[in-house]
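**Q** I would like to see how this sequence folds:
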Amino acid sequence: ERRAIYTMRLLRGQTMVRSMSVGLTGRRHRIARGGARGRAEQTCYCTQGTGQSEARVLFTLIDSAMHTMEGHPESPARMRAIVDALQSDPSVSGRLDKVDSRGRTPSMEELESVHKLVYVQKLRELSSRLQQPTMVDDSTYISPGSYGSVAEGVGAVLSLVDALMNLHKNKAILPHHRMQGSSSSSSSTDYPDEGMGGRDGAAAGFALVRPPGHHVLAARPMGFGLLNTVSLAARYVQAKHQMQRVLIFGTCL
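**A** Numbering: from 1, shown residues only. Okay, here's the model as predicted:
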């Protein structure tokens, strides 16, 4: 709920986000090494907090329903709570355009931009043979079907990156689905699949995906996560969209 409130404040312009860029260093993400890959940095395109802005915001939603463990706080219910909060405020939900990312999964080459091949293979193999959810460290679990669900979330983030970058570069009209209505039992299926349109004023985007991946190492799950989604997105925007500077601002709410 706190994440949803922060997101709503950000969309309303009540939270100032200043444009900046920094170099990424550190052992955890291992994505700032220079050389042929370049530095993992990108100019940050941000909107200033100017009140009730009408700028469109692209978003994608994958609840990874197959990745679940009874009693664990990292569950699909988090997505439903966030969606309910966003839909409850028309001034926020009316500005959201959903990017259709169904069926997009990352290639092995894309995953290897951050993770070791042997780790990805073991993760996929373990997920396919498990009969019930299993803890792999003191906070992280893997369940039957986890790999496919989490990979779909990564694919959704990469689709969102493509949509934002293509919009920025080409001012193209993008297919989107508008967030509509509110429901106490909201899920990813509550968004209509019909109704194509486009906006050329989108200034930002966000991905509602799970589990969080910002603690995950190159060859080790950590902090609820299995794949480091944000690092994969940074590497992807460098490789496909030739961006040299990427800012990653991480927070745990």
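**Q** going forward, measure contacts between C-alpha atoms and count neighbours the same way
**A** OK.
**Q** leaving out sequence neighbours, find the closest residue to Arg124.
**A** Of all residues not flanking Arg124 in the chain, Tyr147 sits nearest, at 5.5 Å (Cα to Cα, 6 or more residues apart in numbering).
**Q** Ser101 now?
**A** In space, Ser101 is closest to Ala156, 5.1 Å off (Cα to Cα, 6+ apart).
**Q** again, but for Thr140
**A** Once flanking residues are discounted, Thr140 sits nearest to Phe224: 4.2 Å by Cα to Cα, 6+ apart.
**Q** cool, and His115?
**A** Spatial nearest neighbour of His115, chain neighbours left out: Ala218 (4.3 Å); criterion: Cα to Cα, 6+ apart.
**Q** would you mind measuring from that neighbour to Gly155?
**A** Remark: distance between Ala218 and Gly155 (Cα to Cα, to the nearest Å) = 18 Å.
**Q** and for Ala204?
**A** According to Cα to Cα, Ala204 and Gly155 sit 18 Å apart.
**Q** so which of those two has more stuff around it?
**A** Gly155 (25 against 17; other Cα atoms under 10 Å).
**Q** my read: Ile62 touches Pro211, true?
**A** No. Here Ile62 does not reach Pro211: they are 10.0 Å apart, not a contact under Cα atoms under 8 Å.
**Q** give me the low-pLDDT residue ranges for the stretch 1-150 of the chain?
**A** Scanning the stretch 1-150 of the chain with the threshold set as pLDDT under 70 gives 1-54.
**Q** mind listing the helices for it?
**A** For the stretch 1-150 of the chain, helices defined by DSSP state H, counting those that start in this stretch occupy the ranges 2-12, 77-87, 90-93, 108-112, 117-129, 146-170.
**Q** from the contact counts, what lies against the second one?
**A** So that's helix 77-87. helix 2-12, helix 90-93 (3 or more Cα pairs under 8 Å, 6 or more residues apart in numbering; DSSP states H and E).
**Q** so which bits of the last one are buried?
**A** Neighbour-count burial for helix 90-93, with 16 or more other Cα atoms under 10 Å as criterion, is recorded at 91-93.
**Q** cool, stretch 116-124 as well?
**A** So, applying 16+ other Cα under 10 Å, buried residues of stretch 116-124: 117, 119-120, 123-124.
**Q** now tabulate these in a markdown table and tack on distance to Asp137.
**A** As requested, these are exported to a markdown table (distance: Cα to Cα, whole Å):
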| residue | distance to Asp137 |
| --- | --- |
| Leu117 | 20 |
| Tyr119 | 15 |
| Val120 | 17 |
| Leu123 | 14 |
| Arg124 | 17 |
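**Q** as a markdown table, the buried residues of helix 90-93 with distance to Glu110 would be great.
**A** A markdown table is the format used below for these (distance: Cα to Cα, whole Å):
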| residue | distance to Glu110 |
| --- | --- |
| Ser91 | 36 |
| Val92 | 33 |
| Ser93 | 32 |
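**Q** so which of these comes closest to Ala151?
**A** Ser93 (26.6 Å; Cα to Cα).
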